[in-house]
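Peer 1: turn this into a structure:
(2 chains)
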Amino acid sequence: MHEVALARGLLEIVERTLTPRDRRVVRVNVSIGAAAGIVSESLTFAFLAIAEGTRAQGAELVITTVPARSRCRACNTSYAFEGLIGRCPGCGCLGGELQSGNEMVLQTIEVADV
Amino acid sequence: MCETCGCGVPSVHTIAVHERLLASNESIAEHNRLHLTTRKIFTINLMGAPGAGKTTLLEAMIRGRSRSGRFVVIEGDQATDRDSARIRLAGASAYQIETGLGCHLEATQIHHALHHLEFAGGETLILENVGNLVCPALFDLGEHLRVLVTAPTEGVEKPLKYPPIFRAADIVLLNKCDLIPYLSFDSGEWTEYVRGVNPRAAIFELSAATGDGLAAWLAELERRRFGFLGSDASVP
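Peer 2: Now for the predicted structure:
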């Protein structure tokens, strides 16, 4: 359940970013790589639970999945894949260099003044 | 409130953040790394599944070390101080972190533990992470080297089933190699899977129980430590 620790990190950034004028968080937009090993449902559940009593209580967590891409070490083909590890469609080689799909970024926070 | 007509509909605005979720852990990890680097304390994040033999390997390393500097160990377990007691018995100083509900170590726990340990400078610090193949992959502790301990009893397909932690490792140790004759474990196939997930990791096969392969791993550790120390390799 590393999602609880991630949700804690997320809330920490939200609280540090808000100004006194920002009364209530409406929505939090994050992007998570498809190969990062994060379960979206668990992250949402954890965020909802720990945001209680803060200005982010009841905020919607919108998770955008960043597709995973890998570059084959053998034939240099760049390809998209599903799951945590890919196989090159060109030569059948396993894995390779991960180009995207490992990110976990808080992009924007939408806040209301009442 | 709506500033145009004061109608009571909340005005919503967007704040751009673009910050990594683990930014806070990463900044504490960077603080740890800077402190450890300044003190010339070569630090290893030792990860692996429960029962991979991490503590047994550490005992063997402490007893069999040649010139890798004095070992200091920070132990992470969900409960008990049994592992730190084993480490002290083997001859190194140790500090135990009981993580309770936590399934991995975080940089702030290491920062706290560093205040409880005495260093002369030049030691090799080993952070034995909580036995877990998922969560520790995500959390930088401030280490200089990430080492994954795995065993043939875990099966040949482990790298395919848990790619992030194999991807995060600088070195993969296959422990318990003395058991291979009793298992259906093809180490060639296993190596191919590790290479597929992480082509840059160095792989060592050894047995902490019999001592086979330990010297090669300790020599590599010494080489990495000297690389870390740079020109000032005279530190004890």
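
Peer 1: only C-alpha atoms from now on, for both contacts and neighbour counts.
Peer 2: Will do.

Peer 1: what about the nearest residue to residue B:25 once chain neighbours are set aside, how many residues nearby?
Peer 2: Among residues not flanking residue B:25 along the chain, residue B:107 sits closest, at 5.8 Å (C-alpha to C-alpha, 6 or more residues apart in numbering or on different chains). Residues near residue B:107, counting by other C-alpha atoms under 10 Å in any protein chain shown, number 23.

Peer 1: just list the residues touching residue B:107, thanks.
Peer 2: B:25-26, B:28-29, B:32, B:139-142 (C-alpha atoms under 8 Å, 6 or more residues apart in numbering or on different chains).

Peer 1: same check on residue B:208?
Peer 2: B:53, B:56-57, B:60, B:175-176, B:214.

Peer 1: now these as JSON lines including distance to chain A and pLDDT?
Peer 2: Listed next are the contacts of residue B:208 as JSON lines, based on distance: C-alpha to the nearest C-alpha, whole Å; pLDDT from 0 to 100:
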{"residue": "B:53", "distance to chain A": "23", "pLDDT": "97"}
{"residue": "B:56", "distance to chain A": "26", "pLDDT": "97"}
{"residue": "B:57", "distance to chain A": "26", "pLDDT": "97"}
{"residue": "B:60", "distance to chain A": "31", "pLDDT": "95"}
{"residue": "B:175", "distance to chain A": "24", "pLDDT": "98"}
{"residue": "B:176", "distance to chain A": "26", "pLDDT": "98"}
{"residue": "B:214", "distance to chain A": "29", "pLDDT": "95"}
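
Peer 1: contact partners for residue B:46?
Peer 2: B:54, B:126-129, B:146-149.

Peer 1: what sits against residue A:58?
Peer 2: So residue A:58 contacts A:26, A:48, A:51-52 (C-alpha under 8 Å, 6+ apart).

Peer 1: now it: phi and psi?
Peer 2: phi 80, psi 0 (degrees, to the nearest 10).

Peer 1: what's the distance between the spatially closest residue to residue A:34 that is not a sequence neighbour and residue A:33?
Peer 2: Of all residues not flanking residue A:34 in the chain, residue A:101 sits nearest, at 5.0 Å (C-alpha to C-alpha, 6+ apart). According to C-alpha to C-alpha, to the nearest Å, residue A:101 and residue A:33 sit 4 Å apart.

Peer 1: quick one: stretch B:114-132 near chain A?
Peer 2: No. For stretch B:114-132 and chain A, the contact criterion (C-alpha under 8 Å from any C-alpha of the partner chain) is not met; the two come no nearer than 10.8 Å.

Peer 1: how long is stretch B:97-110 end to end?
Peer 2: 9 Å.

Peer 1: where exactly do the strands run in chain A?
Peer 2: Under the criterion DSSP state E, strands of chain A are mapped to A:24-33, A:60-66, A:68-71, A:78-81, A:97-100, A:104-112.

Peer 1: the last one near chain B at all?
Peer 2: Yes. Where contact is defined by C-alpha under 8 Å from any C-alpha, part of strand A:104-112 touches chain B, namely A:104-112.

Peer 1: same check, this time on the second one
Peer 2: No. Residues of strand A:60-66 contacting chain B under C-alpha under 8 Å from any C-alpha: none, with a closest distance of 12.4 Å.

Peer 1: list the contacts of that strand.
Peer 2: A:26-34, A:40, A:44, A:47, A:100-101, A:103.

Peer 1: before we move on, the earlier item: return the closest of the contacts of residue A:58 with respect to chain B.
Peer 2: residue A:26 (7.9 Å; C-alpha to the nearest C-alpha).

Peer 1: I'd guessed the closest one sits against residue A:108; true?
Peer 2: No. Using C-alpha atoms under 8 Å, residue A:26 makes no contact with residue A:108, being 11.0 Å away.

Peer 1: low-confidence stretches in the chain?
Peer 2: Defaulting to chain A. A:1 (pLDDT under 70).

Peer 1: right idea, wrong chain: chain B
Peer 2: Using pLDDT under 70, the flagged stretches of chain B are B:1-4, B:6, B:66-68, B:231-236.
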